[in-house]
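Visitor: No letters, just coordinates:
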């Protein structure tokens with residue numbers, strides 16, 4: 001009877017979903033794109049999205065090298081450990097970066113960078129498990145790389161003075177760079193935060209600048225005080241910018257917002273002209289300023305507020321950099337001084 005009812009009707013044996021659509025959930029590229037869309041919907045910082053996409057490129061690069069395709073199901077614990085080892089020892093740092101010199105493009109990423117990628121991969125696979133693309137997370141079994149905490153070789157006050165003396169303030173770009181560098185030193189902010197300043201962010205009545213939550217890594221806006229001299233330089237630069245139709249403070253000489261890569265490139269040039277042998281980059285200015293702040297007796301909690309760190313653990317990294325403060329504290333509280341202090345006093349050798 002049922003067969004009678006089926007006469008003349010199309011019989012469905014297969015499924016409507018094509019293999020291509022179904023297989024898409026196993027594509028590394030597709031799932032990374034979906035993850036990035038989800039993070040954008042969470043209003044995550046552009047730098048975070050860039051890191052996810054870069055992690056995807058690295059994963060596909062390694063997969064191709066070992067003969068694996070764009071398929072999540074091919075990634076197991078052994079693959080994950082091999083990927084980490086490749087990042088740590090073989091993947092060339094700054095490869096393809098047009099502003100980096102060949103001497104800086106050496107094999108092996110830093111332990112900190114590799115650990116960031118391991119954490120990113122863990123997030124990726126958690127996302128894939130929820131989406132039904134993966135059954136387990138191979139990077140959960142992959143331990144973080146031991147990261148020896150090296151001393152940061154900060155700039156000396158003399159090197160900072162030399163750096164400030166190089167930009168030609170008679171030209172627009174030279175003056176702009178001088179103001180940007182002065183702001184970085186004075187504020188101890190991240191370079192992206194300074195270059196994102198608009199005229200409305202500068203309050204001349206209170207000598208402060210406001211760093212918008214949209215431009216801050218932690219997504220928490222904050223006010224940063226600046227020296228009167230720095231504020232006057234900002235006022236002069238804003239006046240120079242009247243030739244352009246832009247609200248941003250730091251502009252190229254054709255009126256576009258200055259990028260962080262552009263500033264890094266110019267900073268490298270200034271460091272070379274100043275004869276500084278250390279690798280100078282914008283974050284080194286931040287390290288140096290934070291260290292000088294502590295060495296001059298600045299309070300670590302106030303430094304935390306100035307730097308915009310949500311976690312005190314991040315700020316405590318700077319305490320070991322402060323050599324002068326460490327030396328002063330050692331002299332004041334040295335166990336040996338407490339033991340031998342009495343022995344160093346003037347002795348009475350004769351009776352009256």
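Guide: Noted; the coordinates are in hand. Please read all numbers here as calculations on a predicted model, not as lab measurements. Residues are numbered from 1 along each chain as shown.

Visitor: Got the phi and psi for residue 211?
Guide: Note on residue 211: its backbone torsions stand at phi -100, psi 110 [degrees, to the nearest 10].

Visitor: Just grab the bridge partners of it for me.
Guide: Beta-bridge partners recorded for residue 211 (DSSP bridges): residue 222.

Visitor: what about the strands in this protein?
Guide: Shown for the chain, the strands assigned by DSSP state E span residues 202-203, 208-211, 222-225.

Visitor: Between these, which one is closest to residue 27.
Guide: When the strands of the chain are compared for distance to residue 27 using CB to CB, the nearest one is strand 208-211, at 38.6 Å. In this view, the C-beta of every residue, glycine as well, is placed from N, C-alpha and C.

Visitor: helices or strands up against the closest one?
Guide: If you count contacts as 3 or more CB pairs under 8 Å, 6 or more residues apart in numbering; DSSP states H and E, strand 208-211 packs onto strand 202-203, strand 222-225.

Visitor: Let's test this: mean pLDDT of that strand, rounded?
Guide: What strand 208-211 shows for mean pLDDT is 91.

Visitor: again with stretch 240-250
Guide: 95.

Visitor: How about stretch 315-332?
Guide: pLDDT averaged over stretch 315-332 gives 65.

Visitor: what do you get for stretch 91-104?
Guide: Mean per-residue pLDDT for stretch 91-104: 67.

Visitor: how many neighbours does residue 214 have?
Guide: 11 (other CB atoms under 10 Å).

Visitor: contacting residues for it?
Guide: By CB atoms under 8 Å, 6 or more residues apart in numbering, the contact set of residue 214 is residue 196.

Visitor: which stretch among the strands of the chain comes nearest residue 87?
Guide: Short answer: strand 208-211, nearest of the strands of the chain by CB to CB, at 32.3 Å.

Visitor: Tell me the buried residues in that closest one?
Guide: By neighbour count on 16 or more other CB atoms under 10 Å, the buried set for strand 208-211 is 208, 209, 210, 211.

Visitor: ok, back up a step: would you turn the strands of the chain into JSON lines with distance to residue 162?
Guide: Formatted as JSON lines, these follow (distance: least, CB to CB, whole Å):
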{"stretch": "strand 202-203", "distance to residue 162": "28"}
{"stretch": "strand 208-211", "distance to residue 162": "26"}
{"stretch": "strand 222-225", "distance to residue 162": "25"}
